[in-house]
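# got a predicted structure plus its sequence, pasted below:
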Amino acid sequence: MIASRGRLPEDRTTGWGLDRVTVRFGRLTALERVSLGVGAGAVTAVIGADAAGKTTLLRVLVGAVRPSEGRVRRPEKRQVGYMSAGSGTYGDLTVDENLAFAARAYGLSRGVARSRIGELLDRTDLMAARRRLAGLLSGGMRQKLALAVAIVHEPELVVLDEPTTGVDPVSRAELWRLIAELAAAGTAVLMATTYVDEAERAGSVLVLLRGRPLALGTPEEIRRAVPGELYELGGRIDDWRAWRRAGRWRVWSPDGRAPEGARLIEPDLEDGLVMAQLAYEASQPEVAA
Amino acid sequence: MLAMALKELRQLARDRRTVAMMIVLPVVLLVVFGYAARFDIDKVPTIVAGPAAEEAASNVPSRMDVIATHPEWGRDQAIDALRRAQATVVVIADPQHPAVLVDGANLFGAQSVLRALAANPSLPKAEVLFNPDLATSFVMVPALMGLVLVFIGTIVTSLGVVRERQSGTLEQLAVMPFRPRDVFLGKVLPYFGVAIVDLVIVVVAGLWIFGVPFSGAPWIFAIGALLFLFVALGMGVLISTVSQNQGQAIQLAMMTLLPQILLSGMIFPLDSMAIGVRWIGYLLPLTYFVQIARGVMIRAAPFDALLVPMGMLLLLGVIVFGLSVLRFQRDLAPSGTGSRHRRSEAEASA
């Protein structure tokens, strides 16, 4: 966890979640002492690069992967909804049939299933496509169907693995509306994402780096907790850790010292994540090349 | 061209199962064909019955292997013994009514006996039962029914779980409140229904087109066929659980079919095989279906005479079912299922 400039709690173990969970696959450690609370009525985001351990974390929480160490708190199986990264819908079943299968699998009675499916088709704007094969839907529609399948049984905990990856902006906005509605209705939502703007909308964010928790808190807390200062420059300068954004260069100064000609700026979440990663790497012992 | 060949070689080297098949299969084929592909039966199981059984037993041709003598038996008991496949030949050593009864359902055994008897005119003329003309179709069609069913059943079913794995829906199933056995049975049952329709079509076509008799009780055949289907489809599911993609699944399914064709007694009689390969035949479901189908259709064998093949199919079914469920347990329920999920759960380990 990054050194805290503001006050960042070590772990938040309210509601469902993980307590100091480690997952090993043979000699590979996919997650190391990760703690995370997923509270009801809120969206919690897990953000990290590819292979950061996001999917493993989600799978541990839903019970598809057994932790090597640590504790998992989740509701009973019927109260968990999961949308896997591959969408998890049957391409050779229609929209209706996919939803009906999930409804039956979760033990919904015929009448309840029918009204619930109708309601979900309305909310997801899939009513007109209800008889279409899921395999023939556009990427955005298929993701909306996958979300509907994951929540058909009105679970207490909904876990979504990159629900908006590869989806057009309009569908992304619609998916976000649906996710926000879920949280507003009191559901605990945990989602993995690679998009910083999505993480910014979440109530709290866990940042993972190579299976380790790098930061945990609200987007605001994470922004405030990053060590050092952030400066902006028109061009790149040597010997400073810098990255390019919107045609300008951002420079991280761990000790607050200002590069020449640079302007001090307030980091946003994206900057905060880069700075947290740089701080983590700076804290690691040098490895001889 | 070289770049293409190198790329192909690299891909091939990564696909270990294909490499193994390309290297191991020719050797297996050669060995199996060498030891199994024999039509000649050197020793034909023979029972000598009738009042003069003891003396007659020492006078039968050497090809006829006397496994028992029953001086008290008459013709009815002799026919019953053949019906139950206790022997291929029964010599009735009765000075009043001498006879040699041969089981025509055991085609190669019967032919072997007839040749031996032709060279020994002192014995009475053989009487071939159940398949008097020694028609090949009578013997092959019941076995082919099994082959067709195992071919369709295993291959089609083997794609079932792989499809789920490839489309990412297996993960979804893992989270749904299913028990591994629910998934196994849920996977097998629809194919089971289709396979039963297939079975009826194959039997009717076999009887109608090839004129194969159906001498026994249909209910005995039905029980044997259902047990056989359960094993064949279960094998498909098991293959599916150990395969990563549909290509691998089909490859494995084909690899289970080949030994069933060669070693089940369908083509080459089990009795003529070297013991080193014959035991493989005893592990294959088709072996027992062939015994049941020929027994019921041609010899009208009673249920108790088929208890061994029925029991073996049941045993194989339980093993296949058990292994499949274990594999599903790994894929679907790493954190356990059942009562632990009834209430909110906390999972802890050291």
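Perfect, thanks for sending it. Numbers count the residues shown, from 1 in each chain, chains lettered A, B, ... in the order given.

# spell out which parts of chain A neighbour chain B.
For chain A, the residues in contact with chain B (Cβ under 8 Å from any Cβ of the partner chain) are A:59, A:62-80, A:82, A:84-91, A:102, A:105-107, A:149. From N, CA and C alone the C-beta is placed, and that goes for glycine too.

# out of those residues, which end up buried?
A:59, A:62-65, A:67-75, A:77-80, A:82, A:84-90, A:102, A:105-106, A:149 (16 or more other Cβ atoms under 10 Å in any protein chain shown).

# residues touching the residue most central in space within chain B, list them.
Compute the mean C-alpha point of chain B, and by Cα atoms, centre = their mean the closest residue is B:Leu286, 1.3 Å away. Contacts for B:Leu286 (Cβ atoms under 8 Å, 6 or more residues apart in numbering or on different chains) come out as B:Ala143, B:Gly146, B:Leu147, B:Val150, B:Phe228, B:Gln260, B:Ile261, B:Ser264, B:Met266.

# what do you get if the cut-off is 7 Å, keeping everything else the same?
B:Gly146, B:Leu147, B:Val150, B:Gln260, B:Ser264, B:Met266 (Cβ atoms under 7 Å, 6 or more residues apart in numbering or on different chains).

# does the residue of the stretch 151-289 of chain A found nearest chain B have any beta-bridge partners, and if so which?
Relative to chain B, the nearest point of the stretch 151-289 of chain A is A:Val159 (8.2 Å; Cβ to the nearest Cβ). Bridge pairing for A:Val159 (DSSP bridges) gives the partners A:Tyr82, A:Leu190.

# that one: how many residues sit nearby?
A:Val159 has 28 neighbours, counted by other Cβ atoms under 10 Å in any protein chain shown.

# need the contact list for it.
So, once contact is read as Cβ under 7 Å, 6+ apart, A:Val159 ends up touching A:Leu58, A:Leu61, A:Val62, A:Val80, A:Gly81, A:Tyr82, A:Leu190.

# how much space between the last one and A:Ile179?
If I follow you right, that is A:Leu190. As for A:Leu190, its distance to A:Ile179 is 11 Å (criterion: Cβ to Cβ, to the nearest Å).

# who's more crowded, these two?
Neighbour count, other Cβ under 10 Å: between A:Leu190 and A:Ile179, A:Leu190 has more, with 29 against 23.

# for the more buried one, give me the pLDDT.
Predicted confidence (pLDDT) for A:Leu190: 96.

# isn't it right up against A:Arg59?
No. Applying Cβ atoms under 7 Å as the test, A:Leu190 and A:Arg59 come out as separate, 11.4 Å apart.

# which stretches in the chain count as helices?
I'll assume chain A. A:54-62, A:95-105, A:110-123, A:139-151, A:169-184, A:196-201, A:219-225, A:269-283 (DSSP state H).

# switch to chain B, that's the one I care about
Under DSSP H, chain B gives helices at B:2-14, B:16-36, B:53-57, B:75-83, B:107-118, B:136-167, B:169-175, B:180-210, B:218-241, B:246-263, B:275-281, B:285-294, B:307-332.

# which one of those is the most hemmed in?
Comparing the helices of chain B by mean neighbour count (mean count of other Cβ atoms under 10 Å in any protein chain shown), helix B:285-294 ranks first with a mean of 28.

# could you find the closest non-adjacent residue to the one residue in the stretch 51-200 of chain B that gets nearest to chain A?
Closest to chain A within the stretch 51-200 of chain B is B:Gly168: 2.6 Å, counting by Cβ to the nearest Cβ. Spatial nearest neighbour of B:Gly168, chain neighbours left out: A:Gly86 (2.6 Å); criterion: Cβ to Cβ, 6 or more residues apart in numbering or on different chains.

# look up phi and psi at the one you found.
phi -90, psi 20 (degrees, to the nearest 10).

# can you check A:Pro267 too?
Dihedral angles of A:Pro267 (phi, psi; degrees, to the nearest 10) stand at phi -70, psi 140.

# could I get the contacting residues of the closest residue in space to it that isn't next to it in sequence?
Excluding its sequence neighbours, the residue lying closest to A:Pro267 (Cβ to Cβ, 6+ apart) is A:Leu230, at 4.5 Å. The neighbourhood of A:Leu230, defined by Cβ under 7 Å, 6+ apart, consists of A:Arg250, A:Trp252, A:Ile265, A:Pro267, A:Asp271, A:Met275.

# who's the third one bridged to?
Taking DSSP bridges, one obtains A:Leu230 as the residues bridged to A:Ile265.

# run through the residues that contact the residue of the stretch 101-250 of chain A at minimum distance from chain B.
Nearest to chain B in the stretch 101-250 of chain A, going by Cβ to the nearest Cβ, is A:Ala105, at a distance of 4.6 Å. Taking Cβ under 7 Å, 6+ apart as the criterion, A:Ala105 is in contact with B:Met176, B:Phe178.

# okay, it and A:Tyr90: tell me how far apart.
For A:Ala105, the distance to A:Tyr90 - Cβ to Cβ - is 12 Å.
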